[in-house]
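S.K.: Sequence and predicted structure, then a few things I'm wondering about:
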Amino acid sequence: MIDTTAQRALLSRYPTGVTVVCAMTDAGPIGITVNSFASVSLDPPLVLWSIGRASDRYEAFLSAKVFTINILTAEQAALAQHYAQNAMLVDGHWTMASNGAPRISNAAGTLECRQHAVHPGGDHDILVGEVTALHEGPAAASLTFFKSGYGRIG
Ligand SMILES: Cc1cc2nc3c(=O)[nH]c(=O)nc-3n(C[C@H](O)[C@H](O)[C@H](O)COP(=O)(O)O)c2cc1C
């Protein structure tokens with residue numbers, strides 16, 4: 001039996017980047033801070049991220065047919081903190097991407113995606129996106145998450 005606190009602590013030793021995933025809903029544009037993002041396939045171009053089934057944002061992201069994944073720069077730690085706590089995107093933080101989903105302004109990079117598949121993953125669901133467009137942002141240092149703290153690389 002694996003203790004969840006021990007698993008969380010061990011996994012915190014694995015450094016990741018930080019993204020904000022965005023989608024448009026009837027209530028307006030939403031985002032969520034995510035570090036489960038990973039590349040899956042180049043041909044076809046597929047990426048994944050996972051969302052907690054207990055999240056208030058779960059239904060909205062599951063039903064979003066298009067979304068963006070925004071790789072944050074080291075200057076965007078406050079944004080990461082904000083969208084870990086709040087779903088609704090704040091004016092000034094986003095613009096509209098060509099796929100109809102919001103994208104985070106001045107992110108290091110944005111992937112426009114259409115929902116490709118959803119797989120069960122225990123207390124999370126794994127959302128696979130087909131990448132439909134790419135946007136390079138400023139060539140700045142990227143935000144990292146390691147041992148429960150934000151850092152920078154590059
Ligand atoms: C660095 C970081 C990475 C996170 N990564 C994920 C993730 O990959 N998937 C996820 O569902 N939640 C992730 N979260 C949690 C969400 O951002 C958010 O805090 C959570 O969904 C809050 O619950 P709510 O959606 O019910 O408001 C992450 C939070 C932080 C700070």
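M.R.: Yes, it's here. The structure presented is a predicted model; accordingly, all values stated were derived computationally and were not measured. Numbers count the residues shown, from 1 in each chain.

S.K.: can you pull the contacts of P102?
M.R.: C22, A23, M24, P29, G31, T68, L89, W94, T95, M96 (Cβ atoms under 8 Å, 6 or more residues apart in numbering). To be clear about C-beta, it is placed using only N, CA and C from the backbone, and glycine gets the same treatment.

S.K.: which bits of the protein sit near the ligand?
M.R.: 18, 32-36, 49-52, 55-57, 80, 84, 145 (Cβ under 6 Å from any ligand atom).

S.K.: Where neighbours are concerned, which of those residues has the most?
M.R.: V18 (27 neighbours; other Cβ atoms under 10 Å).

S.K.: who's in contact with that residue?
M.R.: T33, V34, N35, I71, L72, Q76, A77, A80, L143, T144, F145, Y150.

S.K.: thinking again about what came up before, from the contacts of P102, which is closest to the ligand?
M.R.: For the contacts of P102, the closest approach to the ligand (Cβ to the nearest ligand atom) belongs to G31, at 8.9 Å.

S.K.: confidence score at that closest one?
M.R.: pLDDT for G31: 99.

S.K.: Mark which of the residues of the chain next to the ligand are part of helices, please.
M.R.: Among those, the ones falling in helices (DSSP state H) are A80, A84.
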